[in-house]
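Chemist: no letters, just coordinates:
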């Protein structure tokens, strides 16, 4: 595979800032603890409260990070956010630099959930943690100053996969109603690991096929692509997508997940789910983190505009 010639030139510096790590049991600890060059956090416009809430039955508490704009009185719309990291890494605190300005700009609350990681915790641990945190958030919406009728779920990469799984789980259990699902290059389908005709240009950078297999194997506790995988682990496995909330999906044309993301959007549209899909040329996994690149600016602008529309909706 050689997709260098297809990469947007403005994105190439990101490949040096975020060098690719080939994941294994040996490299995972270093990947979890590596320090990345992140922007400085501005705490002047938002508050942050960390709240441990009851986890699933028999499991540890789940930590929620609750952001609110300063000096707000009315009940706020809310983004329930799930961080990425290939199901094996990441933490809510690592994206405080994103959540604080986003909450201030959109005039909303953001509740970011820390879930248990694989391989220490296999499916369904992570999704049940996310569900427990969602249930607590909705049950305590009044105390948090949140309007539960304008609460939706958002995530990137593995967090996007968990967000999509959470939307399916909420629909099927019938206990909570989500206003939207906002999925940024979501990791949706374990079968991508064993596809007979893999995309010839997607997945060379940041998150390659090797890491994808490692992440899915860690989450599932067995090799990906086999029969019987739950749609609450791999949302693309769901046979019925009807009744899911309005959806935003964005991905890069060179992202390993591009075909599974496009197909999920296509299937949502076919069952009448209002769906907005963006595919950005020359863009690989995580491209929207690159400051100054026009394609990254466009992706962030499109994402924020969609969130603003979602959060303005009433039940």
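Modeler: It's in. Note that this is a predicted model, so its numbers are computed, not measured.

Chemist: for the stretch 1-150 of the chain, what spans make up the strands?
Modeler: For the stretch 1-150 of the chain, the strands defined by DSSP state E, counting those that start in this stretch cover 46-53, 62-69, 76-82, 109-114, 146-156.

Chemist: mean confidence for the longest one?
Modeler: Looking back up the chat, that one is strand 146-156. In this model, strand 146-156 has a mean pLDDT of 97.

Chemist: that one packs against which elements?
Modeler: Applying 3 or more Cβ pairs under 8 Å, 6 or more residues apart in numbering; DSSP states H and E, we find strand 146-156 packed against strand 76-82, helix 125-139, helix 141-144, helix 158-173, strand 181-184, helix 294-312. For every residue, glycine as well, the C-beta is placed using N, CA and C.

Chemist: now those in TSV, with mean neighbour count and distance to residue 212?
Modeler: TSV is the format used below for these (neighbours: other Cβ atoms under 10 Å; distance: least, Cβ to Cβ, whole Å):
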stretch	mean neighbour count	distance to residue 212
strand 76-82	26	18
helix 125-139	22	16
helix 141-144	14	36
helix 158-173	25	10
strand 181-184	27	17
helix 294-312	17	21
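
Chemist: columns distance to residue 286 on top of those, output as TSV?
Modeler: Compiled in TSV, these are given as follows (distance: least, Cβ to Cβ, whole Å):
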stretch	distance to residue 286
strand 76-82	16
helix 125-139	20
helix 141-144	30
helix 158-173	12
strand 181-184	10
helix 294-312	10
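
Chemist: now the strands of the stretch 1-150 of the chain as a markdown table including distance to residue 33?
Modeler: Shown next, in a markdown table, are the strands of the stretch 1-150 of the chain (distance: least, Cβ to Cβ, whole Å):
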| stretch | distance to residue 33 |
| --- | --- |
| strand 46-53 | 20 |
| strand 62-69 | 18 |
| strand 76-82 | 21 |
| strand 109-114 | 16 |
| strand 146-156 | 20 |
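
Chemist: of those, which is nearest residue 136?
Modeler: strand 46-53 (4.2 Å; Cβ to Cβ).

Chemist: if we go by neighbour counts, what in the closest one is buried?
Modeler: Judged by neighbour count using 16 or more other Cβ atoms under 10 Å, the buried positions of strand 46-53 are 46, 48, 51, 53.

Chemist: tell me how far it is from the chain's mean position?
Modeler: In this view, strand 46-53 has its centroid 20 Å away from the chain centroid, taken as Cα atoms, centre = their mean, to the nearest Å.

Chemist: just stretch 148-166 next, same as before
Modeler: For stretch 148-166, the distance to the chain centre is 6 Å (Cα atoms, centre = their mean).

Chemist: endpoints of that stretch, how far apart?
Modeler: 16 Å (Cα to Cα, to the nearest Å).
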